[in-house]
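Colleague: Predicted model and sequence follow; I will ask about them next.
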Amino acid sequence: MVPETKEELRRLVSTTTVEVYEEMTPQLVKLIEETKQNESLTEAQKQDEITLHMLGYTKACTNEIIIEVLGEILGLE
């Protein structure tokens, strides 16, 4: 679908955003759980690691959203 209006583009981006975040969330949850279980880390280190996981997750999701939306618009597979 090639959006012809800003509203169509907004819908495409919003739909893609929801799909990407839902698809990638289990990976984040797994990383957070592994970090919480890591007994070699202090609580502060665990929180730092979780923060890094979340930042990486957000970046990865953002990149994937851009790729998916541009791919859709440009007709790439």
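Modeller: Thanks, I have it. Quick caveat: nothing in here was measured; it's all calculated off a predicted structure.
Colleague: Now do the same contact list for the residue nearest in space to the middle of the chain.
Modeller: Per Cα atoms, centre = their mean, the C-alpha nearest to the average position across the chain is that of C61, at 2.3 Å. For C61, the residues meeting the contact criterion (Cβ atoms under 8 Å, 6 or more residues apart in numbering) are 17, 20-21, 24. Every C-beta, even on glycine, is put in place using the N, C-alpha and C of the backbone.
Colleague: How about it, nearest residue that isn't a chain neighbour?
Modeller: The spatial neighbour of C61 that comes closest, neighbours along the chain excluded (Cβ to Cβ, 6 or more residues apart in numbering), is V20 at 5.2 Å.
Colleague: Hmm, that neighbour is touching I67, no?
Modeller: No: in this structure V20 lies outside contact range of I67 using Cβ atoms under 8 Å: 9.4 Å.
Colleague: quick one, which of the two is more surrounded?
Modeller: Relative neighbour count places V20 above the other of V20 and I67, with 20 against 13, counting by other Cβ atoms under 10 Å.
Colleague: What pLDDT does the model give the more buried one?
Modeller: The predicted structure scores V20 at 98 on the pLDDT scale.
Colleague: what ranges do the helices span in this protein?
Modeller: Using DSSP state H, the helices found in the chain span residues 6-37, 43-74.
Colleague: quick one: the residue nearest to the centre of the chain from E39, how far?
Modeller: C61 sits 30 Å away from E39, going by Cβ to Cβ, to the nearest Å.
Colleague: And for Q47?
Modeller: Q47 sits at a distance of 15 Å from E39 (criterion: Cβ to Cβ).
Colleague: of these two, who's got more company?
Modeller: Just comparing Q47 and E39: by other Cβ under 10 Å the higher neighbour count belongs to Q47, 13 against 6.
Colleague: so what's E77 up against?
Modeller: G71.
Colleague: What's the per-residue pLDDT of it here?
Modeller: Confidence for E77, expressed as pLDDT, is 82.
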